[in-house]
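1. Fold the following.
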Amino acid sequence: MRLRTSLVAVGLAAAITLTGCAAGNSGGNDKPEAGASLTIAKPDGPITTEGNNPWVGDSSALKLGYANAIYEPLGIVNLADPSSDVVPWLASDITWAADYTSVQLTAREGVKWNDGEDFTADDIAFTFNLIKDNAALDTKALGITDVTTDGDVVTLTFTNPMFVKQDKVLHTLIVPEHIWKDVDDPTTFSDDDAVGTGPYTLTSFSSQSVELSARDDYWGGELAVPTLYYVSYADNTALTTAMANGDADWAQAWISNVDSAFLDKDKEHNVYWPAAGLAVDTMFVNTTTKPFNDVAFRKAVNMVIDRAKHQEIAREGGVPELTSVTGLAPGAGDAFVAPEFEGQEYEVDVDGAKQVLTDAGYTWDGDKLVDPSGEPVTFTLSVPQGWNDYVTGISLIADSVKELGVEAAVDTPDADTWWAAKGEGDFQAILHWTDDAATPYDLYSDQMDGRFLKPIGEAADFNFGRFDNADATAALAEYASTTDEAARTAALDKIEKIFVDQVPAMPIGTRPSIAEFNTRNYVGWPSEDDPYVPADPTKPWSVLILTKLQPAS
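-> The predicted model follows:
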């Protein structure tokens, strides 16, 4: 499946000019407030230092998400529905080469930076040259080899095909050449003036709240919301309280007991939407040592894990259940399931798992499982202390494997210790996640790609369990590089077959893009009924949401 670019220029929703603003909204007020502000919440504690650099991961602009209201991407890929058309944004036309090693981007006309300067193709070219010339900025490993400009068209050329990274190319935030050309070090530049093409400008900053105001010269038309407040609450509890009482309007955060804590506070207007993309939570297992170096044992464990219980208890029913044996999430993953596995779902099968073990030479000493060499089978599950849903998740898995006669210990070290052990392969089983993307490539590559292989003791970026299968690595490379749709489909079918048969890791649950918002003052939000993008306010596509919002009637 390929991403498609709409040939029709995106039409942004025009809004009525509104006046006045408010710092918060009352949860008990059912009447829409004309010109109400929108408060966007994060649970990160005080943001002590202002930094608006859209490439520095710990800048206040990226932490709170307001970078995405100031700077804009080239196009918007819908990770809630990867089969939908790409929405052109700063690039009015996007044309990929057949082999995806280059792309032509036409700079949109009539766009101005918020300091009044014209936006041009030179700004696109400058941005990607900046990434090409500064390895620290190439966090998505785009591998840009050449950037050329011909009139209003910029051509980017890459070392490798970008089929599986189209979203990462197009979601790059573009910066102005006339500001950044004199910057000595773009990795440390604070970007105090925050000059962008986006619909809002930065008007004030404090350690608790950042204020942005709507532009009256935005290329996409007038904005319904005149003022945005980005507020950082002390923790999830404080954020939940603010969302429940209407002091905050939009968040990307895990809310425990979301029904009683948030939805029930205003059943008519409060919305929780976990948009299931292609990312999953998965149990990485160390395939280089006992007991997970035996595929039969991996299969047996995979057969007794209760995904429904994980969804119900560890995730409190707040995310979709993971059902397909391919590990592909429902909805976004449906179109990618190989014909061989259509309709095949995970189910708890203790008897079947015991038969797999028996066939592989395992026995039981009383109710304790014994491996073919005569040793009792045990292992340790590890996640950081404080990661409550993950701690609950591994506890549930430990309970599940008791059905096989396996004693699984639960270990919760501090996050730094766990993180180092994860990368170096110093573990038996951990819960972690896979990246989200517009194709299943990252899902499978993260769990079993040989390009991530490192010796035990050296830090790996993914494939933490050191699964080593040349056929899987070759199929992943074929999927990413071929220009033939049939070959790409065949490669994905092979990838899924290896994944199901060899069990390099064990997907446990969906990892959706979670968001909460209310519809008291504004409508036009993405939702399960209209999943035009995930509702996460911290991502580049949030600018599309801001331009679609309209006053509630």
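2. Give me the neighbour count for residue 107.
-> Using other CB atoms under 10 Å, residue 107 is surrounded by 24 other residues. Just so you know, the C-beta spots here come from the backbone N, C-alpha and C atoms, and that holds for glycine as well.
3. Could you find the closest non-adjacent residue to it?
-> residue 121 (4.0 Å; CB to CB, 6 or more residues apart in numbering).
4. wait, what's in contact with the one you found?
-> Taking CB atoms under 8 Å, 6 or more residues apart in numbering as the contact definition, residue 121 lies against 105-107, 149, 151-154.
5. what do you get if the cut-off is 7 Å, keeping everything else the same?
-> With contact set as CB atoms under 7 Å, 6 or more residues apart in numbering, residue 121 has these partners: 107, 149, 152-154.
6. From the residues you listed, which land in strands?
-> Those of the contacts of residue 121 mapping onto strands are 107, 149, 153-154, per DSSP state E.
7. Need the residue closest to the centroid of this protein.
-> In the chain, the residue lying closest to the centroid (CA atoms, centre = their mean) is residue 436, at 4.4 Å.
8. Run through the strands of the stretch 151-300 of the chain in chain order.
-> Per DSSP state E, counting those that start in this stretch, the stretch 151-300 of the chain carries strands over the ranges 153-158, 200-205, 209-214, 227-232, 250-251, 270-275, 280-285.
9. mind checking which of those is nearest residue 391?
-> For the strands of the stretch 151-300 of the chain, proximity to residue 391 was assessed by CB to CB; strand 280-285 is nearest, at 12.6 Å.
10. neighbouring contacts of stretch 467-477?
-> The set of residues external to stretch 467-477 that reach it, using CB under 7 Å, 6+ apart, is 287, 441, 444-445, 448-451, 453, 491, 494-495, 498, 502, 504.
11. Can you say which two of these are spatially most distant?
-> In the contacts of stretch 467-477, the most distant members under the criterion CB to CB are 287 and 491, with 22.1 Å between them.
12. re the thing from before, tell me which of the strands of the stretch 151-300 of the chain is the most buried.
-> Highest mean neighbour count among those (mean count of other CB atoms under 10 Å): strand 250-251, with a mean of 28.
13. just checking, what packs against that strand?
-> Contacts defined by 3 or more CB pairs under 7 Å, 6 or more residues apart in numbering; DSSP states H and E place strand 250-251 against strand 38-42, strand 513-518.
14. Can you give me the neighbour number for residue 61?
-> By other CB under 10 Å, the residues close to residue 61 number 29.
15. Pull the longest helix seen in the chain out as PDB, backbone CA atoms only.
-> Longest helix of the chain, by residue count under DSSP state H: helix 485-502. C-alpha atoms of helix 485-502 as PDB (Å, rounded to 0.1, in the frame of the first residue of the first chain):
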ATOM      1  CA  GLU A 485       3.900  -3.100  -5.500                       C
ATOM      2  CA  ALA A 486       3.500  -6.800  -5.900                       C
ATOM      3  CA  ALA A 487       7.000  -7.400  -4.700                       C
ATOM      4  CA  ARG A 488       6.400  -5.100  -1.700                       C
ATOM      5  CA  THR A 489       3.200  -7.000  -0.800                       C
ATOM      6  CA  ALA A 490       5.000 -10.400  -1.100                       C
ATOM      7  CA  ALA A 491       7.800  -9.100   1.100                       C
ATOM      8  CA  LEU A 492       5.300  -8.000   3.800                       C
ATOM      9  CA  ASP A 493       3.600 -11.400   3.600                       C
ATOM     10  CA  LYS A 494       6.900 -13.100   4.200                       C
ATOM     11  CA  ILE A 495       7.700 -10.700   7.100                       C
ATOM     12  CA  GLU A 496       4.400 -11.500   8.800                       C
ATOM     13  CA  LYS A 497       5.000 -15.300   8.200                       C
ATOM     14  CA  ILE A 498       8.400 -15.200  10.000                       C
ATOM     15  CA  PHE A 499       6.900 -13.000  12.700                       C
ATOM     16  CA  VAL A 500       4.100 -15.400  13.500                       C
ATOM     17  CA  ASP A 501       6.100 -18.600  13.100                       C
ATOM     18  CA  GLN A 502       9.300 -17.500  14.900                       C
END
